[in-house]
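1. take this sequence and fold it.
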Amino acid sequence: MMFKKIKILSAMLFSYIFIASMPVAKAKEDVNVINWYYANMFGTGYYKVGDTRVGILQMPFTYTFKTIRGKQDDYGIKLLVPVSAGFHSFDFNELFDLPNNVATLSVVPGIELEYLVSESWVLKPYANIGVGEEFTQKVWSWIYGAGIKSRWILPFQNGEFTLGNSLNYAGYSASEGSTRAMISFVTGLNWVTPLNFTLFNRNTNLGTHLVYYGYLNEIDFIEGNKEPFTVRNEFEIALTLGTHKPRTFLGFDYARYGLAFRYGENLRAVRLVSDFPF
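-> Coordinates of the predicted model:
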């Protein structure tokens, strides 16, 4: 299994080199809206900041050295290697021509630890650092982050409630001189209830979550030489369909499939979700 994932990761790194060498379509205007770390942590989806639309496609590569799944051990270790491609001036009419419209590409590997505090409470400290490149303006950036997540599970009838919290420090330092850092607090509630049918020969459940993202210092989205759009608070609501055991697809483990809608000042977004983000 580890060899299989290494092969997949190698293929993605080869794709990175291949895409970076391709001619990139020029933006329609001399406008760039990007926050390196936000694009990386957003995941796969589409967001609109001001009048600019950005698409993100992320491959969340992971490798689990040890897990607390089944609660047989009280700690776990996981390697995270998210590879994210960004599409500025995103247009759904160009959906099948995405390789020629890649504007940014980033690889931000990291380590996440799991510690089973009690039967219901898990802590997850993490840290990551990587690099991203913006092709249209030939800018690259260091991207970094660290923090701790908390997940507390409360069984309720046949389902369960999960309370999640995280405190995060993250930022980036770009080659053209811009440097930004942010501190965020995220809290959310997830509710899962079982359904009476199977999917992929697994028992299914329906889930929904509500998550609040608060930033101690506003996130700037830079737009050319104009005043930057900023975001201070965000709310996200999601509906998901899940299975009792994760299903592996292209080397990734997915336990949930769904859509999330995010709202904040100057920002609207929709993204794909595969788990409660804690």
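2. how close does the residue lying closest to residue 59 once chain neighbours are set aside sit to residue 192?
-> Among residues not flanking residue 59 along the chain, residue 83 sits closest, at 4.7 Å (CB to CB, 6 or more residues apart in numbering). In short, each C-beta sits where N, CA and C put it, glycine included. The gap separating residue 83 from residue 192 is 29 Å, by CB to CB, to the nearest Å.
3. stretch 38-53: end-to-end distance?
-> 14 Å (CA to CA, to the nearest Å).
4. can you tell me what sits against that stretch?
-> By CB atoms under 8 Å, 6 or more residues apart in numbering, the residues outside stretch 38-53 that reach it are 31, 33, 54-58, 60, 82, 84, 86, 88-91, 104, 106, 108, 130, 132, 143, 145, 170, 219, 221, 223, 229, 231, 260, 262, 266-273.
5. so which of those residues belong to strands?
-> 54-58, 60, 82, 84, 86, 88, 104, 106, 130, 132, 143, 145, 170, 219, 221, 229, 231, 260, 262, 267-273 (DSSP state E).
6. got a PyMOL select line for the buried ones in those?
-> Selection of buried members from these for PyMOL, criterion 16 or more other CB atoms under 10 Å:
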select buried, resi 54+55+56+57+58+60+82+84+86+88+104+106+130+132+143+145+170+219+221+229+231+260+262+267+269+271+272+273
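7. which residues does the residue nearest to residue 59 form a beta bridge with?
-> Beta-bridge pairing of residue 83 under DSSP bridges involves residue 59, residue 107.
8. ditto for residue 133
-> Beta-bridge partners, per DSSP bridges, of residue 133: residue 105, residue 140.
9. double-check it against residue 140; I have them as touching.
-> Yes - here residue 133 reaches residue 140: they are 4.5 Å apart, a contact under CB atoms under 8 Å.
10. which residues of the stretch 101-250 of the chain score low on pLDDT?
-> Scanning the stretch 101-250 of the chain for pLDDT under 70 picks out 101, 199-200, 222-228, 244-250.
11. 80 instead?
-> Residues of the stretch 101-250 of the chain meeting the criterion pLDDT under 80: 101-103, 136-137, 156-158, 178, 196-203, 220-229, 242-250.
12. now the strands: where do they sit in it?
-> Secondary structure of the stretch 101-250 of the chain, counting by DSSP state E, counting those that start in this stretch: strands at 104-107, 110-116, 121-134, 139-156, 159-174, 179-199, 202-221, 229-249.
13. residue 68: which of those strands is closest?
-> Closest of these to residue 68 is strand 110-116, at 4.9 Å (criterion: CB to CB).
14. go ahead and confirm the residue nearest to residue 59 touches residue 61.
-> Yes - between residue 83 and residue 61 there is a contact under CB under 8 Å: 6.5 Å.
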